[in-house]
Structures are given as structure tokens and as C-alpha cells.
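Visitor: no letters, just coordinates:
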């Protein structure tokens, strides 16, 4: 199991009139964390798309919101690779701020080629993801 | 069980470089549909917040993506009130475009007052939501 | 001079913790209005991109904010084609709500092909845009 | 004149189907840069709102787009305080990536209290902003 953590602050734009982060933005943060997870694992996700024509659309996403986060709050987001299958992978997320978990989430990804046709997890991706940390 | 459907077109801003709607935007659409659901049921959600000091934060949100939707595609989004409990309500969503279901989702909402303290579903809200269509 | 007006309501997501619409979202609305402007003029902007390989990137955008707009407020946004040149076109915008102008804006667009190379305004586009209403 | 620079990478969400950053997102970045500008100057913008009840709505925003920026590109955004008046301040922005300026922008801000009533630039803010670097 691999884990990567990113740190950032909440943007004003990410809040709504309730004064806290709008719920859809957690999924945006998940995506930012995935990019950095891949980079830390030695995979450039942009190159994966542009050179290998491999795309990882989201098949399922979910988030459980425990307590809100406000503007400019420091956020620590951990992404954990929890499953690498033949045709899909699963990430789990933990969103923390000021010492407490504020939300948890999960995304399930399939692999498709440039035409949107499902493909198995490419061997080079699989190898990197399963490599011992 | 109550259902309300909204129709709209995909904004350019809602797409990403994969050429289709970015996954977090489905949750934004769910919110737009909820506002219209409440209006159709006779409840002004803005007034609920501003006059009654009742807020419906999202406790859990999930979405299953079946097939992508592109820029300017017409979208038909149905929101269904699937559960009205003592302290929370659940909505289900069906996102369709050009005759096929593209995604389904669910949001679970609690009720809180202006201080963020959980409260039971207010009786006037409960009554409206349980009223026969 | 051609004008087209769209009507919509403010999304919860479009507000920020100041309780009103976040300033960048006016530019998103401008884009929605442009798509509808083209459709009303008989041009499908998506086809322009996908079939003619013609793109209209924004070269300059500006917005003057007079008074804020809140969640669920009805918005009436007029887009006016104010200039059609050899290589660029200019749109002006008026954002109104509840009877008063809340903001005005302008976008300047160039035309580029699929490789991002600047091209003159295509003759079929020019013709449609200059046609008498 | 004071300048502050932030560094970040483009989020997937910030791109659109043209494959590059959607134009409204530059204004979101400007806002992120302003928050960090204030912090570097010794002012906590969140406290300004929450403790002093001072808000800086945007009165005017503009952006000139020179060349596009893609997903995951490193961005270096400089914000320059270019004018501190009696009732408003002006920021200029330079957005660079991979060694070239991609966009420049400007925002004009007024000061209002919690009721949205215009107020002069508070003396403590004025002092900090005019302090020699």
C-alpha cells in the first residue's frame, strides 16, 4: 500500500456562501493528490496521457464529509493506493486540517485508450504501482 | 417518492482536457437540481437558510460514471428524494444525455442550524417533502 | 450590432464566503452567453471546433463589478457583438439582476486553427456575424 | 512597489477541452496570489474579514492572454501592488510558465464593511501596504 500526502491552503474560490469549502471541491483536491501520487511514484500522468495514450477516467467517486474546512485553512490530503486490479485501481483519501480528519473519500479508475476503449492496466504502470516503497 | 428533472447544456468550463465533463462537476449539477427540486416542492432553499436558519450540508456524496458527456451536450438530470428520516434525507440522481443514462449519484444530507449544530428535519420541511405529489 | 440574452439562476457553487457570486464566475457566464449567441446566430460553436477546426481563444477579458449578486438570484445576461475585424471579434456583456445592471464586461477573441496558429475570421463565420438581424 | 511570487502546478480541473487552462481560472489564481501577498506583507486576509470586518471586493478585473498553459505545467505568478489610494488599491499580475510570460492582469479593489458599505482603506492596512520592503 502506497501513500502520498500533499499540503495546501483553501482558496477563497473554493468556499461557498455557507462560509466553508463547497462539497464538489474535495473531488478536485483528490485529483491534485493523484497527480502528485503518480509523480512521487515515478510516473508522469501527463506523459501517460500524451505519450502512451493511456487515460484513467473515474468510474466511481465518493466522499464522506465529517466537519467543514474554511478559507485559508491548511489542508493535509493523503492519497492511498488501496487496490491494483487487472483493469482498475482504487484510491482512498484522507482530508485533514488542524489535526483532525475532515473528510474521507474513494475513487475507482479504469484505464482507457485515446478512443475511450477500456484496456488492462498497462504493465509499466502496474509495475510502478506495485513496486515496494 | 418525489422526482424532479432539470434540463441544461454542458458549459465549456465544465469540460477538461480529456474533452468531456470533469468528474467533480456532476456534484455541482446535483446541487442545481436540488435547488429546483425544493422550488418545485414549494420550498425556497435560500429562504430556508436566510429566514429559518436551516442548512443542509452534504454528509456523503457519491457518483458512478457510466459514459462521458461532452461540451454543449443537452443534459437531463433527475433528482429523486429517496429517504426522509428524523435527522437526514437522501437524494438519488440520474444524469442522462441523448437518450442514455451517463451517471447516477446519491447525496446524504443532515440538517444544521446557523451554528452548525445538527437539528432534526424541521417539521415544515418534513411535511412538504412527505406530501403526496 | 447583434445582441442575445440568456436567463438563469445563480448556483450555490458560484457563491463564495462573502455570500455573493465569486468574481471569476462572471467570465464563465460570459462563455455560456457566447455559445448561445452563436447558436441564435445560426452557428454551432462546437461544430466550428470539431468540423471546421476553428477555435476562438480569448485574447483579453475584463469585467467591471457594480453590485453583487446572490445565490438563486435570477440573472439576465446580454451579450453584444461589438466588433468584427479581419482577425478578431469583440463581445460586450451586461449582467443584470432584479432590474439593475450588476456588471459589465468585454472579451476579445482571435481565431486559431487546431495547431493554435492565428487565422483570419473564416468567411462563413464573418458572413453570419455580419448578417442583418 | 511590492511584489510577491507564488509557484504552483496547473490542476487537471483547470483545463478545458481545448487542452489548456480555461480563461476564468487566471482570476482564481490572482486571488490565491493576493492572499499570499497579504500574508507575506504581514496581513492575514482572513482575519481582516473576520476580526476587522473589512472586505476587499473586486471592482474591476482584466486579463490579457498571450499564450496558453497546459495541465501540470509549472506556473510562476507574480502579484505587484501598483497603487494604494484613499479608497482603493490596484494589483498587477504576471503569469509565467517555462520561462515566458503567458498572461498579465489587473484587479482594482475597494474596501467595504460587513454591510457592503464602502470605507476608506483602513489605516493599519494602508500602513502595512506602504511600508518599505
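Guide: Thanks, I have it. Model, not experiment: these values are computed from the prediction. Numbers count the residues shown, from 1 in each chain, chains lettered A, B, ... in the order given.

Visitor: check contacts around residue A:30.
Guide: The contact partners of residue A:30, by C-beta atoms under 8 Å, 6 or more residues apart in numbering or on different chains, come to A:61, A:63, A:77, A:79, A:91, A:93, A:105, A:107. (Glycine included, C-beta is placed from N, CA and C.)

Visitor: mind telling me what element it is part of?
Guide: Assigned by DSSP states H and E, residue A:30 belongs to helix A:25-41.

Visitor: mind listing what's buried in that helix?
Guide: Burial within helix A:25-41, assessed by neighbour count using 16 or more other C-beta atoms under 10 Å in any protein chain shown, is assigned to A:25-38, A:41.

Visitor: just these now: which is nearest chain B?
Guide: Using C-beta to the nearest C-beta, residue A:27 is the member of the buried residues of helix A:25-41 that sits closest to chain B, with 3.8 Å.

Visitor: that closest one contacts residue B:28, correct?
Guide: No - counting by C-beta atoms under 8 Å, residue A:27 stays clear of residue B:28, with 10.0 Å between them.

Visitor: which stretches of chain A form helices?
Guide: A:25-41, A:45-50, A:123-130 (DSSP state H).

Visitor: what does the second one rub up against?
Guide: So that's helix A:45-50. Contacts of helix A:45-50 (C-beta under 8 Å, 6+ apart): A:34, A:35, A:38, A:39, A:54, A:55, A:56, A:125, D:70, D:71, D:72.

Visitor: and the residues you listed as a markdown table, adding pLDDT and distance to residue B:13?
Guide: Below are these laid out as a markdown table (pLDDT from 0 to 100; distance: C-beta to C-beta, whole Å):
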| residue | pLDDT | distance to residue B:13 |
| --- | --- | --- |
| A:34 | 98 | 21 |
| A:35 | 98 | 20 |
| A:38 | 96 | 25 |
| A:39 | 96 | 26 |
| A:54 | 96 | 26 |
| A:55 | 96 | 21 |
| A:56 | 96 | 22 |
| A:125 | 92 | 30 |
| D:70 | 98 | 17 |
| D:71 | 98 | 15 |
| D:72 | 98 | 19 |
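
Visitor: farthest-apart pair in those, please.
Guide: Farthest pair in these (C-beta to C-beta) is A:125 and D:70. Separation: 21.3 Å.

Visitor: if you count what's nearby, which of these two comes out ahead?
Guide: Using other C-beta atoms under 10 Å in any protein chain shown as the criterion, residue A:125 and residue D:70 rank with residue A:125 on top: 21 against 16.

Visitor: the spatially closest residue to the more buried one that is not a sequence neighbour - how many residues pack around it?
Guide: Spatial nearest neighbour of residue A:125, chain neighbours left out: residue A:43 (6.6 Å); criterion: C-beta to C-beta, 6 or more residues apart in numbering or on different chains. Neighbour count for residue A:43, taken as other C-beta under 10 Å: 17.

Visitor: ok, now which ones touch residue A:53?
Guide: By C-beta under 8 Å, 6+ apart, the residues touching residue A:53 are A:113, A:114.

Visitor: for it, give me the backbone phi and psi.
Guide: phi 60, psi 40 (degrees, to the nearest 10).

Visitor: point out the residues in chain A that sit beside chain B.
Guide: Residues of chain A lying near chain B by C-beta under 8 Å from any C-beta of the partner chain: A:18, A:23-25, A:27-28, A:31, A:55, A:57-65, A:68, A:116.

Visitor: overlap between these and the residues near chain C?
Guide: Answer for the residues of chain A next to chain B near chain C (C-beta under 8 Å from any C-beta): A:18, A:24.

Visitor: out of the residues of chain A next to chain B, which are buried?
Guide: Counted by 16+ other C-beta under 10 Å, the residues of chain A next to chain B give A:18, A:23-25, A:27-28, A:31, A:55, A:57-65, A:68 as buried.

Visitor: in strands only, show me those residues.
Guide: A:58, A:59, A:60, A:61, A:62, A:63, A:64, A:65 (DSSP state E).

Visitor: the fourth one contacts residue B:63, correct?
Guide: Spelled out, that is residue A:61. Yes - between residue A:61 and residue B:63 there is a contact under C-beta under 8 Å: 5.4 Å.

Visitor: joint contacts of the two?
Guide: With C-beta under 8 Å, 6+ apart, residue A:61 and residue B:63 have common neighbours residue B:23.

Visitor: any idea which helix or strand in chain A has the lowest mean pLDDT?
Guide: Scoring the helices and strands of chain A by mean pLDDT, DSSP states H and E places helix A:123-130 at the bottom, with a mean of 91.

Visitor: just checking, what packs against that one?
Guide: strand A:74-84 (3 or more C-beta pairs under 8 Å, 6 or more residues apart in numbering or on different chains; DSSP states H and E).

Visitor: run me through the strand neighbours of the strand it packs on, direction for each.
Guide: The pairing partners recorded for strand A:74-84 under DSSP bridges are strand A:2-9 (antiparallel), strand A:88-97 (antiparallel).

Visitor: winner for burial among those strands?
Guide: Highest mean neighbour count among those (mean count of other C-beta atoms under 10 Å in any protein chain shown): strand A:88-97, with a mean of 19.

Visitor: identify each buried residue in stretch A:125-133, please.
Guide: Per 16+ other C-beta under 10 Å, stretch A:125-133 contains these buried residues: A:125, A:126, A:129.

Visitor: and which of those is nearest residue B:12?
Guide: Using C-beta to C-beta, the buried residues of stretch A:125-133 come closest to residue B:12 at residue A:125, 30.7 Å.

Visitor: contacting residues around the closest one?
Guide: A:43, A:48, A:54, A:111.

Visitor: okay, it and residue A:30: tell me how far apart.
Guide: 19 Å (C-beta to C-beta, to the nearest Å).

Visitor: for residue A:108, which non-adjacent residue is spatially closest?
Guide: For residue A:108, the spatially nearest residue (C-beta to C-beta, 6+ apart) is residue A:60, at 4.1 Å.

Visitor: quote the end-to-end distance of stretch A:58-75.
Guide: Terminal residues of stretch A:58-75 lie 23 Å apart, using C-alpha to C-alpha, to the nearest Å.

Visitor: quick revisit: what about the helix holding residue A:30, distance to the chain center?
Guide: 4 Å (C-alpha atoms, centre = their mean, to the nearest Å).
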